[in-house]
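In: the amino acid sequence is not available; the structure is as follows:
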């Protein structure tokens, strides 16, 4: 399931608790992501899902659900 893989990336890259990573969680406001996290998350997701994520696209993803929806479009 894409959500579980995204969740694992967020937990690994950001060191947040699994329980905090829910579809409606905002990456910045709820999980404390910064621009460096965004780059690391993007790289990890590209490696796992074998897709290209443009820099502008990752900056438009505000919630965990946004990331899942983006990946589902390209898988």
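Out: Great, that's in hand. All figures in this text were calculated on a predicted structure; none of them were measured in a lab.
In: how about residue 18, what does it touch?
Out: 7, 11 (CB atoms under 8 Å, 6 or more residues apart in numbering). Every residue, glycine included, has its C-beta placed from N, CA and C.
In: and the gap between it and residue 3?
Out: 12 Å (CB to CB, to the nearest Å).
In: and what of residue 46?
Out: For residue 46, the distance to residue 3 - CB to CB - is 17 Å.
In: residue 56 now?
Out: From residue 56 to residue 3 the distance is 23 Å (CB to CB).
In: who's more crowded, the two?
Out: Neighbour count, other CB atoms under 10 Å: between residue 56 and residue 3, residue 3 has more, with 16 against 7.
In: now do the same for that one: helix, strand or coil?
Out: Judged by DSSP: H, G, I helix; E, B strand; the rest coil, the three-state class of residue 3 is helix.
In: run a quick neighbour tally on the nearest residue to it once chain neighbours are set aside.
Out: Closest residue to residue 3 apart from its sequence neighbours, by CB to CB, 6 or more residues apart in numbering: residue 68 at 5.3 Å. Residue 68 has 19 neighbouring residues, counting by other CB under 10 Å.
In: residue 68 is in contact with residue 5, isn't it?
Out: No - using CB atoms under 8 Å, residue 68 is not in contact with residue 5; the gap is 9.2 Å.
In: who are the neighbours in contact with residue 7?
Out: Contacts of residue 7 by CB under 8 Å, 6+ apart are 18, 21, 64.
In: any idea of the mean pLDDT in the helix or strand that contains residue 36?
Out: Assigned by DSSP states H and E, residue 36 belongs to helix 35-49. For helix 35-49, mean pLDDT rounds to 95.
In: what helices or strands is that helix leaning on?
Out: helix 2-14, helix 55-60, helix 64-74 (3 or more CB pairs under 8 Å, 6 or more residues apart in numbering; DSSP states H and E).
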